[in-house]
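**Q** sharing a sequence plus its predicted fold:
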Amino acid sequence: MGVAAMENLLRHIPKDVPDELIFTLAESDTVRIERIVSSGQSSPEGFWYDQEWDEFVLVVQGAAGLEIDGEPERTLKHGDWLVIPSHVRHRVTWTQADPPTVWLAVHHRPKVGA
């Protein structure tokens, strides 16, 4: 029998984060769980995510601005979460740098027929 992995999402965050850090915590054929650390980064101007999988995203620490195509910008603070269905265009407009913004992102395949 294997040993269960245990860690803390807020541990091992470098003081200087010049580029967004994405670390895969667990994955299978149908799900990928990531810790993302942002420190002032945002999506490039004119860039939109348009993902094949649904995404659950939770701000664990910090804050960020998220724009969903055709909607006003949303401000997400620690504890806020949302589900972004596949192919819903979205972008990050800003992230808090101090303390860094820590996200928990769960990418999962959409339900068949959804």
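**A** Perfect, I can see it now. Residues are numbered from 1 along each chain as shown.

**Q** now Asp29: which helix or strand?
**A** Per DSSP states H and E: Asp29 is located in neither a helix nor a strand.

**Q** for stretch 24-39, give the mean pLDDT please.
**A** Average pLDDT, stretch 24-39: 96.

**Q** how about low-confidence regions in the protein?
**A** Counting by pLDDT under 70, the chain has low-confidence residues at 1-2, 113-114.

**Q** where along it do the strands fall?
**A** For the chain, applying DSSP state E gives strands covering 21-27, 31-38, 54-61, 63-68, 74-77, 81-84, 90-95, 101-108.

**Q** need those strands in TSV with mean neighbour count and distance to Pro14, can you?
**A** (C-beta placed from N, C-alpha, C; glycine too.) Listed next are the strands of the chain as TSV, based on neighbours: other Cβ atoms under 10 Å; distance: least, Cβ to Cβ, whole Å:
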stretch	mean neighbour count	distance to Pro14
strand 21-27	13	8
strand 31-38	19	8
strand 54-61	18	14
strand 63-68	18	19
strand 74-77	15	22
strand 81-84	14	25
strand 90-95	19	15
strand 101-108	20	12
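
**Q** those strands: which one's closest to Ala5?
**A** When those are compared by Cβ to Cβ, strand 21-27 sits nearest Ala5, at 7.9 Å.

**Q** for that closest one, name the packing helices and strands.
**A** Applying 3 or more Cβ pairs under 8 Å, 6 or more residues apart in numbering; DSSP states H and E, we find strand 21-27 packed against strand 31-38.

**Q** could you check how far Glu73 is from Thr93?
**A** 6 Å (Cβ to Cβ, to the nearest Å).

**Q** Serialize the strands of the chain to JSON lines and add fields for distance to Met6.
**A** What follows is the strands of the chain, written out as JSON lines (distance: least, Cβ to Cβ, whole Å):
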{"stretch": "strand 21-27", "distance to Met6": "11"}
{"stretch": "strand 31-38", "distance to Met6": "14"}
{"stretch": "strand 54-61", "distance to Met6": "16"}
{"stretch": "strand 63-68", "distance to Met6": "27"}
{"stretch": "strand 74-77", "distance to Met6": "26"}
{"stretch": "strand 81-84", "distance to Met6": "22"}
{"stretch": "strand 90-95", "distance to Met6": "27"}
{"stretch": "strand 101-108", "distance to Met6": "15"}
